[in-house]
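Colleague: My questions are about this predicted structure, shown below with the sequence.
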Amino acid sequence: MPPSLIRILDARGASRLALSPDAGTVYYVTDLTGTVQLWSVAVAGGVPRRLSYEADRVGAYSLSPDGTKIAYGADEGGDERWAVWVMNADGTGARRLSTDRDRIHHVVGWTADGRGVLVFANIRDERFFDLHELSEEGGTPKPRFRHDGTGFGATALRDGRVVVTTDRARSDQNHVTLVEPDGATKRLTPDAPIAMHHSARDFENGILVLSDRDRDLPAIAWLGLDGSFRYVVAPDRVVDELEVIGAQVAYALNVDGRSEVRLRSDGKDAAVAGLPPGGLATDLIGNSLAVARDGTVAVAWARFDAPSAVYVAAPGRPARLVVAPQMAGLSPDGLPEEELVSWRSFDGRTIPGFLLRPRGAPKGPRPTVVQVHGGPEGQARPLWNPLTVALVGAGFNVLQPNVRGSSGYGRAYMSLDDVRLRMDSVRDLDAAAAWLAGSGVAPADRIGVIGGSYGGFMTLAAITFCAERKWAAAVDIVGIASFTTFFARTAPWRRPLRAAEYGDPDKDRDFLESISPLNFIDRIQAPLMVIHGANDPRVPVQEAEQIVSTLRARGQEVDYLRYEDEGHGLAKAKNRADAWPKVVRFFEKYMGTAG
C-alpha cells in the first residue's frame, strides 16, 4: 500500500544545531507545531522543550558563550525582515532587541564576553549590511564594521576583536578582515588569487577557514592574524561544513552529495561512527554540525526516507540518536530508495544525480519527475522533502540532477554555468530527460519537471528552450520568468550577488533578455502549475503573476497557487498541506497514475 499523503505531510524533522558548553543539552529547530520554532532536549534523554513562542518563525540563532542565553532572528509572513530577539536558554524572558522593523537583522553570534549580540543589518542603507553589536539589555545598535556590500560571517575572538567575512563579487569569493574594538581594520586576505574564505572560526592564535585558495576543492586552512596562510586538512573531497571550539575541529566531507563527518582532536583525525547512510541536513540559515570543548559532536542528519534527525557522539563513542524523526506512523513501504546515477550531456560531460524510486517497486519504466534544486550554487543531497516523498509515494520516479553550476564538486564545476554559460545547465536537464527515456527509466512522453527558486527558472527554461522534449507537465515554484523584471524588483541587497552569477542587468541586458522564458512564451506547450508566496523578497511575486497572466491571455490553462502569508517558498505546514497534494494530482492528471 502506498504511504499516506497525510502522514507524509505530518512527518517532521530537526535541524540547525547548537550544543551547550557542557555538552549536556542540544538545541535545534523543528516545525513540529506547523512553523519553525526553537527547541531543546537533554543529550542524556528526556522530554524536548519548546523555547520560542512569540515568533511567526525562527531563523538563525546563537547560544551565548556561557550557554545561559539565546539570540535569534524572527520574521513575519516569510518576509525575511528578521528581527533580533534574546531569551534565557530555558525559553523564559524573551524580549525583542531590534527596533527597525523595516530592516533585516542577521544574527551571527555573541561578543566574547557574552554581553552583546553581533548582527549584520542594513540599517544605514537597504542595499548594504554593516556589522552591529546589540546589547542584550537593548538600546541603540553599536556599529562595529561598515561595508558597502554583503557579508554574513563574523566571529568574536577571545580578546574582544572580531573577524568579519565579506563577499567580493559573489558569495564564494570573500575577504576576511580583523576588526579592532576601536573600529580599526586589517584585511587578512590578498586581492589575488580570488578565493573562497568561509566559516571563520577562532583557533590557535588565528582562525580556521574553509578555502579554495589555489585549489579547486575547498579545504580547511589556518589563517594567521598577520595574513599568513596554510592548509591544515586538504582531502580529495569538498569540505563543506566546519565547526571549531578550542582544540576540537569537526568537519564534513561531501561524498557525491552524501556526507562523512569527521573530528580532528588531540592529533587524531577520525570519522564519527554510528551514522546511517545519508548527509548533513544542509540549511542556508543554520548549522547542521556542532562541537563542544570535550569533543562531543552533534549532527543534524538527513536521508531521503526520513525527516532529519539529531545524533550526538560523545568523545570516542559512536553517534547516538537523540532527536528521532517524527515519522507520523509511516512504514518504509513506498518511501524513496536512492541510486546515484549519471548521464552524458551535450558536450560529453558527465552529470551526476540521485534517482529515487518507490521502495520495493519493479524497476521498469514509470512516469518520472525531474526535480531541480535551487541556488544555482545548490546541490541535490539526501534530504527529506515531503513533496518529493509524496511524488514517490504516488508511484513516480524522481530524478534530482546536479547540473553544471552545482556546488559540491569544486570551483571549476560550479563555474560552468556563469553568466553566458547559463543555458548549458538547461541543456543538462534536456540530456537528463533523454537519458531517462533512452535507459528505460521512464516513457519518453511521461517525463515532467519541477523546481523551486532558481530551480523554478530552470523549470520554465526547460519547457521553453527545450520544448521539443515535449515535457508532460511542469511546476514552477517561486521561479524567475524574466531577468529584467527580476532585477528591477528583487530586494536591493540581493542585486549585486545575483548580477555576479546571472549577468549585469545593464551591461548584459540583451543576453538576459535572450534567456528569459517570458520572452519566448509562445514556445511553452507543457501544462504548467505556478506556486508563489505574496511576500517573497528574493523572487517577487510579480514573476509568477506575469507568466500566469501572459499564458492565460494566450488561452492556455495555468494552475496558479498564491499564498498571502508566505515568502520565498512554503514555510508553513498548512500551506504545504494545501499545495503538495495539488502538485501530485497535477502530475497524475497529465502523466497518468504511476501505481
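Modeller: Structure received.

Colleague: Which element, helix or strand, includes residue 435?
Modeller: helix 422-438 (DSSP states H and E).

Colleague: How about residues contacting that helix?
Modeller: Applying C-beta atoms under 8 Å, 6 or more residues apart in numbering, the contact partners of helix 422-438 are 343-347, 349, 351, 353, 368, 370, 372, 376, 397, 399, 401, 403-405, 416-417, 441-444, 447, 449, 458, 461-462, 465-466, 469, 471, 502-503, 515. Quick note: C-beta positions are derived from backbone N, CA and C, even for glycine.

Colleague: Give me the pLDDT for residue 81.
Modeller: Looking at residue 81, its pLDDT reads 86.

Colleague: residues contacting it?
Modeller: 75, 101-104, 537.

Colleague: go with 7 Å
Modeller: By C-beta atoms under 7 Å, 6 or more residues apart in numbering, the residues touching residue 81 are 75, 102-104.

Colleague: Quick check: which element contains it?
Modeller: Counting by DSSP H and E, residue 81 is part of no helix or strand.

Colleague: residue ranges for the strands of the stretch 51-200 of the chain, please.
Modeller: Under the criterion DSSP state E, counting those that start in this stretch, strands of the stretch 51-200 of the chain are mapped to 57-63, 69-75, 83-88, 95-96, 105-110, 116-125, 128-135, 142-145, 153-156, 162-167, 174-179, 185-187, 197-203.

Colleague: In JSON lines, list those strands along with distance to residue 382 and mean neighbour count.
Modeller: What follows is those, written out as JSON lines (distance: least, C-beta to C-beta, whole Å; neighbours: other C-beta atoms under 10 Å):
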{"stretch": "strand 57-63", "distance to residue 382": "24", "mean neighbour count": "23"}
{"stretch": "strand 69-75", "distance to residue 382": "27", "mean neighbour count": "24"}
{"stretch": "strand 83-88", "distance to residue 382": "33", "mean neighbour count": "21"}
{"stretch": "strand 95-96", "distance to residue 382": "37", "mean neighbour count": "12"}
{"stretch": "strand 105-110", "distance to residue 382": "28", "mean neighbour count": "24"}
{"stretch": "strand 116-125", "distance to residue 382": "31", "mean neighbour count": "22"}
{"stretch": "strand 128-135", "distance to residue 382": "32", "mean neighbour count": "22"}
{"stretch": "strand 142-145", "distance to residue 382": "37", "mean neighbour count": "16"}
{"stretch": "strand 153-156", "distance to residue 382": "27", "mean neighbour count": "23"}
{"stretch": "strand 162-167", "distance to residue 382": "28", "mean neighbour count": "23"}
{"stretch": "strand 174-179", "distance to residue 382": "28", "mean neighbour count": "21"}
{"stretch": "strand 185-187", "distance to residue 382": "38", "mean neighbour count": "13"}
{"stretch": "strand 197-203", "distance to residue 382": "22", "mean neighbour count": "22"}
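
Colleague: Of those strands, which is nearest residue 322?
Modeller: strand 57-63 (16.5 Å; C-beta to C-beta).

Colleague: Report all helices and strands that that closest one contacts.
Modeller: Secondary-structure packing of strand 57-63 (3 or more C-beta pairs under 7 Å, 6 or more residues apart in numbering; DSSP states H and E): strand 37-42, strand 69-75, strand 105-110.

Colleague: How about residues contacting the worst-scoring helix or strand of the chain on mean pLDDT?
Modeller: Lowest by mean pLDDT, DSSP states H and E among the helices and strands of the chain is helix 495-502, with a mean of 75. Helix 495-502 has contacts (C-beta under 7 Å, 6+ apart) with 149-150, 167, 169-171, 376, 418-419, 422, 483, 487, 490, 505, 512.

Colleague: what does stretch 99-116 give?
Modeller: Here stretch 99-116 makes contact (C-beta under 7 Å, 6+ apart) with 60-62, 64-66, 71-73, 80-84, 98, 117-123, 133-136, 152-158, 160.

Colleague: ditto for stretch 216-227
Modeller: Residues outside stretch 216-227 that contact it (C-beta under 7 Å, 6+ apart) are 176, 178, 188, 196, 203, 206-213, 229-235, 237-240, 242, 251, 410-412.

Colleague: 8 Å - rerun?
Modeller: 176, 178, 186-190, 196-198, 200, 203-213, 229-240, 242, 249, 251, 410-412.

Colleague: which of those residues are buried?
Modeller: Neighbour counting with 16 or more other C-beta atoms under 10 Å marks 176, 178, 188-189, 196-198, 200, 203, 206-213, 229, 233, 237-240, 242, 249, 251, 410-411 as buried within the contacts of stretch 216-227.

Colleague: just checking, which of the contacts of stretch 216-227 belong to strands?
Modeller: Of those, the ones assigned to strands by DSSP state E are 176, 178, 186-187, 197-198, 200, 203, 206-211, 229-233, 238-240, 242, 249, 251.

Colleague: re the thing from before, make CSV from the strands of the stretch 51-200 of the chain and add distance to residue 434 to it.
Modeller: As requested, the strands of the stretch 51-200 of the chain are exported to CSV (distance: least, C-beta to C-beta, whole Å):
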stretch, distance to residue 434
strand 57-63, 40
strand 69-75, 42
strand 83-88, 48
strand 95-96, 54
strand 105-110, 42
strand 116-125, 44
strand 128-135, 43
strand 142-145, 50
strand 153-156, 41
strand 162-167, 37
strand 174-179, 38
strand 185-187, 48
strand 197-203, 36
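
Colleague: quick one: the helices in the chain?
Modeller: Ranges of helices in the chain, per DSSP state H, are 5-10, 386-393, 411-414, 422-438, 454-465, 483-489, 495-502, 509-514, 542-553, 573-591.

Colleague: closest one to residue 562 among these?
Modeller: helix 542-553 (7.0 Å).

Colleague: dump the residue contacts of residue 532.
Modeller: By C-beta under 8 Å, 6+ apart, the neighbours of residue 532 are 477-478, 539, 541, 543-545, 561-563.

Colleague: No further queries at this time; thank you.
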